[in-house]
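>>> Generate a structure from the sequence data that follows.
(4 chains)
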Protein chains: 2
Amino acid sequence: MKAVSARTPAQGEPAKVRRRDREKTKAEILQIAFEEFAESGLLGANADAIAARAGITKRLIFYYFNSKEELFIAVLEMAYGKMRLAEEDLHLETLEPEAAIRRLAEFTFDFHQANPEFVRLVAIENIHRGRHIQRSEKLTQMTRPIIGQIERVLTKGKSLGTIRPEIDAHELHMTLNALSIFSVANRHTFEAQFRWDMTSPEAKARRRAEIAEVLWRYVRSDKAPR
Amino acid sequence: MKAVSARTPAQGEPAKVRRRDREKTKAEILQIAFEEFAESGLLGANADAIAARAGITKRLIFYYFNSKEELFIAVLEMAYGKMRLAEEDLHLETLEPEAAIRRLAEFTFDFHQANPEFVRLVAIENIHRGRHIQRSEKLTQMTRPIIGQIERVLTKGKSLGTIRPEIDAHELHMTLNALSIFSVANRHTFEAQFRWDMTSPEAKARRRAEIAEVLWRYVRSDKAPR
DNA sequence: CCCACAATTAACCTGTTGGATAATTATGAG
DNA sequence: CTCATAATTATCCAACAGGTTAATTGTGGG
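Take a look at the predicted model:
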């Protein structure tokens, strides 16, 4: 909470007097654009609406981000950046293989459940055939440290004989993401088809356990039945 | 191939003279709308473009389908109907549990790979929170016979002791669909992040086998290691 | 043969919305 | 204090696109 100007606004006074803070303004636009894009898609999101919610003029959006598409790319960069950060906090190395795999599964599931806007954004970007993620230097460069973590868990498990030698880190990651993302991304059509509530705490808990189980049974060695 | 009018068009003559066939015109609009919606989404798809490709006037679309949203619903109904039909041709009952589960996995994978437009359409409908699928009588009524088939396989496997008793048909179906759909729906962001080609014949074959393996290892009983 | 009706077309209308032009205002360096 | 510059606003615009009005034309039944 840094001082914004010479005039100190009275406590509780609505901050309607916009201070000229480049970074803060950009960050606010980005956050609101994130929500709007996740809600309505690239085409559905409306620049006027973003400006209104951010309490600024539409022109400012283009002043800082040039075009709607570039704004969308910036939003993607921010969203993926946050996930990457969260992944770094996982310390799978400290755990035994089975615990590590289960923790990884549960972490991924929880992350997607807690960030449905992110999941929707990814779905939207895929509808657009990944054209923006490809165009972004930052995103094509951005490594995903989680792959390294998974590889280390697998190596350890394979040498201990508790994990099958043929398991591949990328395939595992794909399997896990597929399972985890589906629960958020395909919620609506699935619920409509089967009248199956996927949002209740019980349904979520069940699915969370199920995914961890699927994953562990997939990787575990046949020789070491538990 | 039924006769369309008194005048028989010469072989190879472009059928630019539109015959006044209500059902045929509707079907053509529907097919092209399906492709356009899958390609560009509900908002991105363009009525003029659909009309142009169908060789008719835009007005006809609204004459037959009232609005873009209703056209989209009709497209969804057609697409889900086709999947339902395909599912009926699966005869899992004739197979032993393991073979049935593997066949189910491979069938589902192949269907999604062969019908990426369908997968995209489902993703698009989910972005719109399933609002159209909910509005459609036909779709909310439409049962999915595959669930019954899965249940019968599970029952058989459980009584034989080859499938774990706690496996649930809906959870299994969700797991399989998640894995299968992901390979099509999230192709682009996944490929961009990991530079992992998911479309080569080898990658597809590998993934296909992997999914069948995941599924079987998930459902099989601990007592009967193969 | 003809006419009622349905299929189809041509032309139009209007709200929306990315984006642009140009003026304004706050701020910090000197 | 002041002035150059950057942040911000007010206003406008042109294209696009969903939907409509009204006219036209083909066809099958009488």
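
>>> use CA for all of it now, contacts and neighbours both
Will do.

>>> Return the set of buried residues in stretch A:125-143.
A:Glu125, A:Asn126, A:Ile127, A:His128, A:Arg129, A:Gly130, A:His132, A:Ile133, A:Gln134, A:Ser136, A:Leu139 (16 or more other Cα atoms under 10 Å in any protein chain shown).

>>> Could you name the specific helix or strand carrying the last one?
When secondary structure is defined by DSSP states H and E, A:Leu139 falls within helix A:137-141.

>>> If we only consider the buried residues of stretch A:125-143, which is nearest to A:Asn177?
Nearest to A:Asn177, judged by Cα to Cα, of the buried residues of stretch A:125-143 is A:Asn126 at 14.5 Å.

>>> hang on, that closest one packs against B:His188?
Yes: using Cα atoms under 8 Å, A:Asn126 is in contact with B:His188, at 5.6 Å.

>>> now chain A, which segments are flagged as low pLDDT?
A:1-18, A:224-226 (pLDDT under 70).

>>> And the helices in it?
Under the criterion DSSP state H, chain A contains helices at A:22-44, A:47-54, A:58-65, A:68-88, A:97-114, A:116-127, A:131-135, A:137-141, A:145-160, A:169-185, A:187-194, A:201-219.

>>> Spell out which residues of chain A are next to DNA strand C.
A:4-6, A:19-20, A:43-48, A:58-59, A:62, A:66-69 (Cα under 7 Å from any atom of the strand).

>>> Mark which of these are buried, thanks.
A:Ala45, A:Asn46, A:Ala47, A:Lys58, A:Lys68.

>>> Go through the helices of chain A and pick out the most buried.
Stretch with highest mean neighbour count among the helices of chain A: helix A:116-127 (a mean of 23; mean count of other Cα atoms under 10 Å in any protein chain shown).

>>> Can you list the neighbours in contact with it?
With contacts defined as Cα atoms under 8 Å, 6 or more residues apart in numbering or on different chains, helix A:116-127 is touched by A:34-35, A:37-39, A:41-42, A:76, A:79, A:112, A:131-133, A:181, A:184-185, B:39-41, B:120, B:123-124, B:127, B:185-189.

>>> Repeat the analysis, applying 7 Å as the threshold.
Applying Cα atoms under 7 Å, 6 or more residues apart in numbering or on different chains, the contact partners of helix A:116-127 are A:35, A:38, A:41, A:79, A:112, A:181, A:184-185, B:120, B:127, B:185-186, B:188-189.

>>> Looking at those residues, spot the one nearest A:His91.
Nearest to A:His91 among the contacts of helix A:116-127, with distances taken as Cα to Cα, is A:His112, at 18.5 Å.

>>> isn't that closest one right next to A:Ile181, touching?
Yes: the criterion here is Cα atoms under 7 Å, and A:His112 meets it with A:Ile181 at 6.4 Å.

>>> picking up where we left off before, ok, the buried residues of stretch A:125-143 vs B:Lys24, which is closest?
A:Ile127 (29.7 Å).

>>> which bits of chain A sit near DNA strand D?
A:18-22, A:25, A:55-60, A:63.

>>> can you redo these as a markdown table with distance to B:Ala100?
Converted to a markdown table, the residues of chain A next to DNA strand D look like this (distance: Cα to Cα, whole Å):
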| residue | distance to B:Ala100 |
| --- | --- |
| A:Arg18 | 65 |
| A:Arg19 | 66 |
| A:Arg20 | 65 |
| A:Asp21 | 63 |
| A:Arg22 | 61 |
| A:Thr25 | 58 |
| A:Gly55 | 58 |
| A:Ile56 | 59 |
| A:Thr57 | 60 |
| A:Lys58 | 57 |
| A:Arg59 | 59 |
| A:Leu60 | 59 |
| A:Tyr63 | 59 |
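
>>> Just give the nearest non-adjacent residue to A:Trp196, would you?
A:Phe190 (7.3 Å; Cα to Cα, 6 or more residues apart in numbering or on different chains).

>>> thinking again about what came up before, okay, the helices of chain A in TSV with distance to B:Ala99 next?
Shown next, in TSV, are the helices of chain A (distance: least, Cα to Cα, whole Å):
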stretch	distance to B:Ala99
helix A:22-44	41
helix A:47-54	53
helix A:58-65	55
helix A:68-88	38
helix A:97-114	28
helix A:116-127	33
helix A:131-135	40
helix A:137-141	41
helix A:145-160	28
helix A:169-185	21
helix A:187-194	25
helix A:201-219	18
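
>>> circling back to that earlier point, of the buried residues of stretch A:125-143, which is the nearest to A:Thr155?
Nearest to A:Thr155 among the buried residues of stretch A:125-143: A:Leu139, at 27.7 Å, using Cα to Cα.

>>> from memory that closest one sits against A:Glu77, does it?
Yes: if you go by Cα under 7 Å, A:Leu139 and A:Glu77 touch, sitting 6.3 Å apart.

>>> Quick check: the residue positioned nearest the centre of chain A vs DNA strand C, distance?
By Cα atoms, centre = their mean, chain A has its centre lying nearest to A:Phe118, at 4.4 Å. A:Phe118 sits 20 Å away from DNA strand C, going by Cα to the nearest atom of the strand, to the nearest Å.

>>> Report the separation between that residue and A:Ile124.
10 Å (Cα to Cα, to the nearest Å).

>>> Around chain B, which positions in chain A sit nearby?
Neighbours of chain B within chain A, by Cα under 7 Å from any Cα of the partner chain: A:43, A:120, A:126-127, A:129-130, A:133-134, A:140, A:175, A:178-179, A:182, A:185-186, A:188-189, A:192-193, A:214, A:217-218.

>>> residues near A:Lys223, how many?
Number of residues near A:Lys223 (other Cα atoms under 10 Å in any protein chain shown) recorded here: 11.

>>> and the gap between A:Ala49 and A:Glu36?
8 Å.

>>> A:Thr143 too?
Distance, A:Thr143 to A:Glu36, by Cα to Cα: 27 Å.

>>> Sounds good, over and out.
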